[in-house]
Structures are given as C-alpha cells and as structure tokens.
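> Predicted structure and sequence below. I'll ask about it afterward.
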Amino acid sequence: MNTADTLLNDRTKEFSGQTTQANETYNSVQQDQSLRDCVEKAVSNYFQHLEGQDVTDVYEMVLAEVEAPMLEVVMKYTRHNQTKAANVLGLNRGTLRKKLKQYGLL
C-alpha cells in the first residue's frame, strides 16, 4: 500500500459516515479511468481540435492544468497545513509555497 492509499484509508476511517458515498464514487471512477488515461484523452482531444493552429508550450499548459487542482485538493485534505501538504506531495515546504503562489493559492 502506498502513501496515498494509506492517507485515503486514514481519512476514510476518520470520516467514515460522511465519506461512504464519496469513496464509492472515487472507487468507481478509479476503476473506469486512471489519471493517466484522463490526461492522455484530454491531450489527444486538445490536438484534435487545433484545426491547424500552431501550438507551443504544451508541457507547461498540461502541468498547470494538473498541478493547480492537485495542490488545491491536497491543501484541502491537509486543512491548509503546508507542512503536512508538502509531506503528502513529497515536496520541500518552500517548493510547495512557491507553487501555491504561482497558481494564486496562497
């Protein structure tokens, strides 16, 4: 079991009565599509709808689209405790603060 699974299980136990439905939804989505599948589908869709337009900086665009909501969710999960959030993400707290500022989350 990885750290994310452990944290999810701990959080589930803490709020078991309130999160049963949310966990069922999460598990259903998790079985249907992985994050990787969702990103692949979204990027493919993006390229299909360019209609001949030139494109640059796709890497930065995708990172911003994934990183910002991930940071928001982790910050909510840790009740905005930056030290805990940095540990969950595997980042230095200073790096986390930099990224939170970058996306206007701090």
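In hand now; what should we look at? Residues are numbered from 1 along each chain as shown.

> Could you list the low-confidence segments of this structure?
1-31 (pLDDT under 70).

> Which residue lies nearest the spatial centre of it?
M70 (2.6 Å; Cα atoms, centre = their mean).

> residue contacts, that one?
L89 (Cβ atoms under 8 Å, 6 or more residues apart in numbering). For glycine as for every other residue, the C-beta is placed from the backbone atoms N, C-alpha and C.

> Over to L100?
L71, M75, Q82, L106.

> Apply 10 Å and report the result again.
A68, L71, E72, M75, H80, Q82, A85, L106 (Cβ atoms under 10 Å, 6 or more residues apart in numbering).

> do Y46 as well
Counted by Cβ under 10 Å, 6+ apart, Y46 has contacts V55, V58, M61, V62, E65.

> Could you tell me the phi and psi values at E51?
Here is the backbone geometry of E51 (degrees, to the nearest 10): phi 50, psi 50.

> any idea how far L71 is from Y103?
6 Å (Cβ to Cβ, to the nearest Å).

> Which one of those two is surrounded by more residues?
L71 (20 against 13; other Cβ atoms under 10 Å).
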